[in-house]
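J.: Structural data only, the sequence is not supplied:
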């Protein structure tokens, strides 16, 4: 009788152990970042050169969701310096991350409080631009 009791105890212990195991499939998926508030069309409000001086310019920036945690950026910026005009047209994809209210696109672009700050590569260096919806 003692052997039967030991066997039943072992049997129920194993059944309990398997019954309590996780049903997770243990896939390593990256959670999708919510950056919908930053998706849309923007207008250039200001731009400054590498020395921090304001530059005359106009332009647009469009942000769209690519797949998962990536966003597509399309810039169309016109810069004026004296009598010369240069156009910067760029399409690029960035990985998105969120920290509090700041949504970062790669390392040089971010959205916060309705404004998108972007680094615009030009022939004269990287300019800092401010865009709003």
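T.: Arrived safely, thanks for sending. What you see is a predicted model, and the numbers here were worked out from it, not measured in a lab. Residues are numbered from 1 along each chain as shown.
J.: What pairs with the strand ranked longest in the chain, parallel or antiparallel?
T.: Longest strand of the chain, by residue count under DSSP state E: strand 84-99. Paired strands of strand 84-99, with direction, are strand 70-81 (antiparallel), strand 102-105 (antiparallel) (DSSP bridges).
J.: Please list the residues outside that strand that contact it.
T.: Contacts to strand 84-99, defined as C-beta atoms under 8 Å, 6 or more residues apart in numbering, come from residues 33-35, 59, 66, 69-79, 103-106, 109, 120-123. Bear in mind the C-beta positions are built from the backbone N, C-alpha and C, glycine included.
J.: Of the residues you listed, keep whichever come out buried.
T.: Neighbour-count burial (16 or more other C-beta atoms under 10 Å) is assigned, among these, to 33, 35, 59, 69, 71-73, 75, 77, 79, 103-106, 109, 120, 122.
J.: residues contacting the nearest residue in space to residue 56 that is not next to it in sequence?
T.: Residue nearest to residue 56 in three dimensions, not counting chain neighbours: residue 80, with 4.3 Å by C-beta to C-beta, 6 or more residues apart in numbering. Taking C-beta under 8 Å, 6+ apart, we find residue 80 in contact with 55, 56, 57.
J.: which residues does residue 80 form a beta bridge with?
T.: Bridge pairing for residue 80 (DSSP bridges) gives the partners residue 56, residue 85.
J.: can you offset everything so residue one is 858?
T.: With the count now opening at 858, the last piece we talked about shows up as residue 937.
J.: And residue 989, how far from residue 943?
T.: Remark: distance between residue 989 and residue 943 (C-beta to C-beta, to the nearest Å) = 23 Å.
J.: go on, residue 892?
T.: As judged by C-beta to C-beta, residue 892 and residue 943 stand 30 Å apart.
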